[in-house]
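Engineer: Sequence and predicted model, in that order:
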Amino acid sequence: MSKVDVAIIGCGMSGLAAGIRLAHFGRDVCIFERHNAPGGLNSFYSLGGRKFDVGLHAMTNFVRPGVRGSPLGKLLRQLRIDRDELDLAEQRRSRIAFGGTNLLFSNDFELFESQIADRFPGQMDGFRRLIRTVRDHDDTKLEQEEISARQVVGTHLQDPLLIDMLLCPLMYYGSASELDMDWTQFVTMAKSIYLEGFCRPFDGVRVVIRTLLNRYRQAGGQRRMKCGVRRIETGDGRVRRLLLDNGEEVEANHVISSIGLAETGRLLDPPGDSPVTDKPGQLSFIETMTVFREPTEVLGWGADTIVFINHGERFEYARPDDLVDPRSGVICFPNNFQYGDRVPSEGVLRVTALANPEGWMTLPEDTYRAEKAEWFKRIQESAQKVLPAPALNPAGSSVATDMFTPRTIRKFTGHINGAVYGSPQKTRDGRTGYSNLILCGTDQGYLGIVGALLSGISMANLHVLKPQV
């Protein structure tokens, strides 16, 4: 039986951040990952000689150099990463498109404010009050009362269209709850998207992963890939040992799980009665990816970085009855960031929509492939309703395509139902009811890539390093 001071389950963003933070303070830490690729929900893969990002459309929380007190600055400082290592490029502009109403926003909040003043002049006083309320709310406090975001926003705004348009990007990029979201999560996402902004490395998520892996290795951390945890054996209110997929046993003074609330609960032996529940998330997504021979500017799609769309009378962020709900979604052009002199040689279009996990999981293989082909076409058609008429035939310009479903997400991440944002039940203090088992990541409650990294840092600081830091 091997022994470590801290065992981390899962080599995603939060697990890596926790490992780096602990290793910097001399802790003997090892990350155990079932798959052969790090990054978890935000990883990448190669297909036909091209690299495809998984998860990452954009990093949120962008602030320019010199801005103090920002989440981005905090994580760079605590992980000892130089900002230039991440090679962050700002978005051009993004757009919320609901029918004939469009709201543009960028990394300068004044643009968004002016757009709302123009489209919804009667709502401006309420919008300014809402933004003051968002700025004043301390979303970093671990103990927060759960309040409906729609309820709070509705005390400031009366126009249902504006309320839906404000919620759409925040829900698609972070909500595990149907039709609504928790007020504190609304605040976190509003600050990170509307008040701060989007950015992305030129080479995508692999730049972030490579930087984290280098820092972890330099700090002395261990990493065991293709070596998952099969069972968490407990007794006397604590984790006694981990049983790995290969039969090996590991003892640890502390165990940090980044794989999700329900996913961690299903490893417990015996199951036990604790806040680690068996209530997995129900919301998942489908995404299509298309690579074009020409850059997006040539196609006529060079203006927008990300477009949040809705074709219905109201925005319904919920698990669809059909395999996919094509009425709303997210269009991302990852090559439409401000990369300066570096000009991508190809155009890339990614389109995301809500999907029914159970429907996709239970399809026979032949039917599954046929449904993927059908929904690929329908999702592309939905996206093009809000895009300028292309200068060239996109189908004729396409050189590569791919698509993932909830089934794909479950296969490569282990997330039950392919639930990208995990369970609606969050455990903000990371406690699980077992004295040495800590939760970090999506189900701890911090959102996005920056949030996931801060989750790992915060839980490592609070539960393992507190006497030292």
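Structural biologist: Yep, it's here.

Engineer: can we go C-alpha only for contacts and neighbour counts from here?
Structural biologist: OK.

Engineer: ok, which stretches of the stretch 201-350 of the chain are strands?
Structural biologist: Assigned by DSSP state E, counting those that start in this stretch, the strands in the stretch 201-350 of the chain fall at 222-224, 229-235, 238-244, 249-257, 268-269, 284-292, 306-310, 324-332, 347-355.

Engineer: Tabulate those strands in JSON lines, adding columns for distance to residue 95.
Structural biologist: Listed next are those as JSON lines, based on distance: least, Cα to Cα, whole Å:
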{"stretch": "strand 222-224", "distance to residue 95": "40"}
{"stretch": "strand 229-235", "distance to residue 95": "42"}
{"stretch": "strand 238-244", "distance to residue 95": "46"}
{"stretch": "strand 249-257", "distance to residue 95": "36"}
{"stretch": "strand 268-269", "distance to residue 95": "44"}
{"stretch": "strand 284-292", "distance to residue 95": "19"}
{"stretch": "strand 306-310", "distance to residue 95": "5"}
{"stretch": "strand 324-332", "distance to residue 95": "10"}
{"stretch": "strand 347-355", "distance to residue 95": "14"}
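
Engineer: which stretch among the ones you listed comes nearest residue 64?
Structural biologist: When those are compared by Cα to Cα, strand 306-310 sits nearest residue 64, at 19.7 Å.

Engineer: Going by contacts, tell me the helices and strands next to that closest one.
Structural biologist: strand 94-98, strand 324-332 (3 or more Cα pairs under 8 Å, 6 or more residues apart in numbering; DSSP states H and E).

Engineer: partners of the last one, with directions?
Structural biologist: In its sheet, strand 324-332 lies beside strand 306-310 (antiparallel), strand 347-355 (antiparallel), with partners assigned from DSSP bridges.

Engineer: Out of those strands, flag the one nearest residue 293.
Structural biologist: Distances from residue 293 to each of the strands paired with strand 324-332 were compared by Cα to Cα, and the smallest falls on strand 347-355, at 6.6 Å.

Engineer: Go ahead and name everything in contact with the closest one.
Structural biologist: By Cα atoms under 8 Å, 6 or more residues apart in numbering, the surrounding residues in contact with strand 347-355 are 283-296, 317-320, 322-326, 328-335, 379-380, 383, 405-406.

Engineer: Put the buried members of those into a ChimeraX selection.
Structural biologist: Selection of buried members from the contacts of strand 347-355 for ChimeraX, criterion 16 or more other Cα atoms under 10 Å:
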select :283,284,285,286,287,288,289,290,291,292,293,294,295,296,317,318,319,320,323,324,325,326,328,329,330,331,332,333,334,335,379,380,383,405,406
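
Engineer: Am I right that residue 360 is in contact with residue 406?
Structural biologist: Yes: counting by Cα atoms under 8 Å, residue 406 is a contact partner of residue 360 at 6.6 Å.

Engineer: Remind me what the longest helix anywhere in the chain packs against, helices and strands.
Structural biologist: Longest helix in the chain by number of residues (criterion: DSSP state H): helix 365-384. Under the contact definition 3+ Cα pairs under 8 Å, 6+ apart, helix 365-384 sits against strand 284-292, strand 324-332, strand 347-355.

Engineer: For those, give me CSV that also has mean pLDDT.
Structural biologist: CSV is the format used below for those (pLDDT from 0 to 100):
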stretch, mean pLDDT
strand 284-292, 96
strand 324-332, 97
strand 347-355, 97
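
Engineer: Can you check which of these gets nearest to residue 93?
Structural biologist: Here strand 324-332 is closest among those (Cα to Cα), at 11.3 Å.

Engineer: hmm, who's touching the closest one?
Structural biologist: Under Cα under 8 Å, 6+ apart, the answer for strand 324-332 is 57, 172, 286, 305-312, 315, 349-356, 375, 378-379, 382-383.

Engineer: And for stretch 52-65?
Structural biologist: With contact meaning Cα under 8 Å, 6+ apart, stretch 52-65 is reached by 41-46, 70-72, 90, 107, 191-193, 196-200, 204-206, 332, 334, 448-450.

Engineer: Go through these and flag which are in helices.
Structural biologist: Per DSSP H, helices hold the following members of the contacts of stretch 52-65: 71, 72, 205, 206, 448, 449, 450.

Engineer: List buried residues within those residues.
Structural biologist: Buried subset of the ones in helices among the contacts of stretch 52-65 (neighbour count, 16+ other Cα under 10 Å): 71, 72, 205, 206, 448, 449, 450.

Engineer: By pLDDT, rank the residues you listed and give me the bottom one.
Structural biologist: Lowest in pLDDT among these is residue 448, which has 86.

Engineer: For it, give me its contacts.
Structural biologist: 59, 60, 173, 174.

Engineer: of the residues you listed, closest to residue 135?
Structural biologist: Nearest to residue 135 among the contacts of residue 448: residue 60, at 16.5 Å, using Cα to Cα.

Engineer: Need the per-residue pLDDT for that closest one.
Structural biologist: At residue 60, the pLDDT value in this model is 96.

Engineer: Repeat that for residue 66.
Structural biologist: Value for residue 66, per-residue pLDDT: 89.

Engineer: What is the three-state secondary structure of it?
Structural biologist: The three-state label given to residue 66 by DSSP: H, G, I helix; E, B strand; the rest coil is coil.

Engineer: Could you check how many residues crowd around it?
Structural biologist: 8 (other Cα atoms under 10 Å).

Engineer: next one: the one 3 residues further on
Structural biologist: For residue 69, the count of nearby residues is 8 (other Cα under 10 Å).

Engineer: quick revisit: export the helices and strands packed on strand 306-310 to a markdown table and tack on distance to residue 136?
Structural biologist: A markdown table is the format used below for those (distance: least, Cα to Cα, whole Å):
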| stretch | distance to residue 136 |
| --- | --- |
| strand 94-98 | 25 |
| strand 324-332 | 29 |
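
Engineer: Many thanks, have a good one.
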